[in-house]
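Chemist: when you get a sec, could you give me coordinates for this:
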Amino acid sequence: MKRIQSRFGLIVSLASVLGIFCMLPFHGITLSQIADNEKEVIILGKWTEDELENIIRDSSKIADIGERIDFLSKEFLNTKYKESTLIGDINTPEVFVINLKGMDCFTYIDYVEAMRLSASFPDFKGNLKRLRYQSGKFDFLTRNHFYTDWPVFNKDHVRDVTKEVGGTKTKTVEKVLNQKEDGTYFLRGIPTKRREIKYIPSDAIDDEIIAGLKTGDYIGIYSDISGLDVSHNGIIIKKGDKTYFRHASSREENRKVVDEDFKNYISNKPGIVVFRPY
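Modeler: Next up, the predicted model:
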């Protein structure tokens, strides 16, 4: 049986993914042909397309980028965590997936950022494809598999401000992404890439650094594992004097999109990588 690999190497059987095709008559799920060799799967979850259209249009009226991201990301609070929702690997044709019923940490920020750039639901679909795939080229090989692909291939919308926020406390490492310590690969068929990664160690994150973070900043949890840039990601949300980490949490007690105290959350993590939308 063929198997499908997600961005971070998690695997799900093709049969379980194709199970959604049997559910097409149900509300909020569509499968369509978008080109001769392209398909899309759209699962809208609790929303209708018209409801999402209204949410996106309302958000586009919010001038402040951070407030807009707060508004949009809040809509997904309590949405179920679900890994491996994307379809495609080196042996399986890529399918353009929108799954708003369940999402992992990466697809969550994909959806929020694509909506942030949009004024309508069709805009959202187009921006998601451009955000998820390098230059919008629809293929497993050009999918942005790594968090640090974002400011490289989406530099018109997101920039790396880790050094700006962390100052002299920022550390820099060079990694060969996708290559494990034993020389094998996390994602088969994806070339390795040598990349310089800046991160702020968690034990250096004090009140001054937290003050430098903004609502709407995208936070990657730095990974000290060879071949990976981050192990998780989410969004900074500030409410009064409190700073929260809004993310699709895989922890057993959560398994959904939640807000957690940021400082408590990162206290036992290696560090953070900070990207800022503009």
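Chemist: which of the residues in stretch 183-196 are buried?
Modeler: 186-187, 190, 193 (16 or more other CB atoms under 10 Å). No exception for glycine: its C-beta is placed from N, CA and C like everyone else's.
Chemist: so which of these are in strands?
Modeler: residue 193 (DSSP state E).
Chemist: and which of the buried residues of stretch 183-196 is nearest residue 48?
Modeler: Top of the list for closeness to residue 48, among these and by CB to CB, is residue 187 at 34.9 Å.
Chemist: give the helix, strand or coil label for residue 77.
Modeler: The three-state label given to residue 77 by DSSP: H, G, I helix; E, B strand; the rest coil is coil.
Chemist: residue contacts, it?
Modeler: 246, 256-259 (CB atoms under 8 Å, 6 or more residues apart in numbering).
Chemist: take the residues you listed and lay them out in CSV including distance to residue 104 and pLDDT.
Modeler: Shown next, in CSV, are the contacts of residue 77 (distance: CB to CB, whole Å; pLDDT from 0 to 100):
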residue, distance to residue 104, pLDDT
246, 14, 98
256, 11, 98
257, 10, 98
258, 13, 98
259, 17, 98
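Chemist: and which of the residues you listed is nearest residue 110?
Modeler: Closest to residue 110, out of all of the contacts of residue 77 and judged by CB to CB, is residue 257, at 13.1 Å.
Chemist: helix, strand, or coil at that closest one?
Modeler: strand.
Chemist: how many neighbours does it have?
Modeler: By other CB atoms under 10 Å, 24 other residues sit near residue 257.
Chemist: generate JSON lines for the contacts of residue 77, with distance to residue 156 as supplementary columns.
Modeler: Shown next, in JSON lines, are these (distance: CB to CB, whole Å):
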{"residue": "246", "distance to residue 156": "24"}
{"residue": "256", "distance to residue 156": "32"}
{"residue": "257", "distance to residue 156": "27"}
{"residue": "258", "distance to residue 156": "30"}
{"residue": "259", "distance to residue 156": "29"}
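Chemist: follow-up on the earlier one: nearest to residue 224, of the buried residues of stretch 183-196?
Modeler: Checking the buried residues of stretch 183-196 one by one against residue 224 (CB to CB), the nearest turns out to be residue 186, at 14.9 Å.
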